[in-house]
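Student: Need the 3D shape of this:
(one chain, ligands or ions: 1)
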Amino acid sequence: MAEVIIASDADAAGERAADEIAQLLRTKPDAVLGVATGSTPLTTWRALAARGLDLSRMQGFALDEYVGIEPGHPQSYRTVIDREVVATLGLERGQIHVPDPHGPLQSAADDYERAIVESGGVDLQILGIGSTGHLAFNEPGSSLASLTRVTMLAERTRRDNARFFDSIDDVPAHAITQGIGTILRARRLILLAFGEGKADAVAGAVEGPLTSSLPGSAIQLHPRVTVIVDEAAASRLARADYYRAAHENRPY
Ligand code: GLP
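Tutor: Next comes the predicted model:
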């Protein structure tokens, strides 16, 4: 069963996730970190930056990248990663890899999958979750064994992400994304989610049946998962009191 931590807010959750990353990097300075885009991990990057660790030997792999927007677009995930992760943590740009959506797509996807394997594999994957239950851009219906490939975004995801663009029509329809099978190969997963809008997806991922209809439920197949949520995102967890008791090491 996933360890579920219900934090007071996104800042406290970010501190907690940063603790885990910092602990990994102290024991393995050349660790490979799986990097999620989206707004959810921002408090984690800020908290990690504040630790002042030497991050010069780590490398990272982003989960996904939009297809169909020009290089340097402010919402391309390469640009978002440069702004939110590389700059915040004081890294070299080349330390974090992002799929290349500007050439032949399936070979870019295959190259990316291979690069992850050749790096030695992801030690710790930071994940967000979409309101559709997606992980990266693996929308409902994605094979739980899928590898890096081109996918089509769900309409709800495009609506959710329209806040970053001028209009929903500007949100790309496709992406290159790590597959669920790719994500499950990481040695450890930390899934973060905040706000009421994620409550159903979190409940489905943690407590629902294992189903490709809710790709986040694939975390149930992984032996080492920590889910860190705020109260609102935890609000539809049937076993919330049990998780709180387990976390505080008291009987339930
Ligand atoms: C995005 C990304 C995911 C991210 C999720 C949640 O579209 N493809 O990797 O985890 O949706 O985004 P946010 O953290 O902004 O809510």
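Student: what ranges do the strands span in this protein?
Tutor: Counting by DSSP state E, the chain has strands at residues 3-7, 32-35, 59-62, 64-67, 96-97, 124-127, 149-152, 174-177, 189-193, 225-230.
Student: could the ones you listed go into JSON lines alongside distance to the ligand and mean pLDDT?
Tutor: The C-beta positions use only the backbone N, C-alpha and C, and glycine is treated the same way. Shown next, in JSON lines, are the strands of the chain (distance: least, C-beta to the nearest ligand atom, whole Å; pLDDT from 0 to 100):
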{"stretch": "strand 3-7", "distance to the ligand": "15", "mean pLDDT": "97"}
{"stretch": "strand 32-35", "distance to the ligand": "9", "mean pLDDT": "98"}
{"stretch": "strand 59-62", "distance to the ligand": "9", "mean pLDDT": "98"}
{"stretch": "strand 64-67", "distance to the ligand": "5", "mean pLDDT": "98"}
{"stretch": "strand 96-97", "distance to the ligand": "14", "mean pLDDT": "98"}
{"stretch": "strand 124-127", "distance to the ligand": "6", "mean pLDDT": "98"}
{"stretch": "strand 149-152", "distance to the ligand": "10", "mean pLDDT": "98"}
{"stretch": "strand 174-177", "distance to the ligand": "7", "mean pLDDT": "98"}
{"stretch": "strand 189-193", "distance to the ligand": "8", "mean pLDDT": "98"}
{"stretch": "strand 225-230", "distance to the ligand": "12", "mean pLDDT": "98"}
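Student: want to throw these into JSON lines with mean neighbour count?
Tutor: Formatted as JSON lines, these follow (neighbours: other C-beta atoms under 10 Å):
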{"stretch": "strand 3-7", "mean neighbour count": "20"}
{"stretch": "strand 32-35", "mean neighbour count": "24"}
{"stretch": "strand 59-62", "mean neighbour count": "22"}
{"stretch": "strand 64-67", "mean neighbour count": "24"}
{"stretch": "strand 96-97", "mean neighbour count": "19"}
{"stretch": "strand 124-127", "mean neighbour count": "26"}
{"stretch": "strand 149-152", "mean neighbour count": "18"}
{"stretch": "strand 174-177", "mean neighbour count": "24"}
{"stretch": "strand 189-193", "mean neighbour count": "26"}
{"stretch": "strand 225-230", "mean neighbour count": "24"}
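Student: Need these in a markdown table (columns: distance to residue 216).
Tutor: Formatted as a markdown table, the strands of the chain follow (distance: least, C-beta to C-beta, whole Å):
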| stretch | distance to residue 216 |
| --- | --- |
| strand 3-7 | 13 |
| strand 32-35 | 15 |
| strand 59-62 | 18 |
| strand 64-67 | 14 |
| strand 96-97 | 23 |
| strand 124-127 | 8 |
| strand 149-152 | 15 |
| strand 174-177 | 14 |
| strand 189-193 | 7 |
| strand 225-230 | 10 |
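Student: so which of the ones you listed gets nearest residue 163?
Tutor: strand 64-67 (14.7 Å; C-beta to C-beta).
Student: Paired strands for that closest one, with orientation please.
Tutor: Each strand paired with strand 64-67, and its direction, by DSSP bridges: strand 174-177 (antiparallel).
Student: ok, and what's touching the strand it pairs with?
Tutor: For strand 174-177, the surrounding residues in contact (C-beta atoms under 8 Å, 6 or more residues apart in numbering) are 63-68, 99-101, 105, 108-109, 112, 136-138, 148-153.
Student: Report the distance from that strand to the chain centre.
Tutor: Offset of strand 174-177 from its chain centre (C-alpha atoms, centre = their mean, to the nearest Å): 14 Å.
Student: Put the alpha carbons of it into CSV.
Tutor: Taking Å, rounded to 0.1, in the frame of the first residue of the first chain, the C-alpha atoms of strand 174-177 are listed here in CSV:
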residue,chain,number,x,y,z
HIS,A,174,-0.6,16.0,-28.6
ALA,A,175,2.5,15.3,-26.5
ILE,A,176,5.5,13.0,-26.2
THR,A,177,5.1,11.4,-22.8
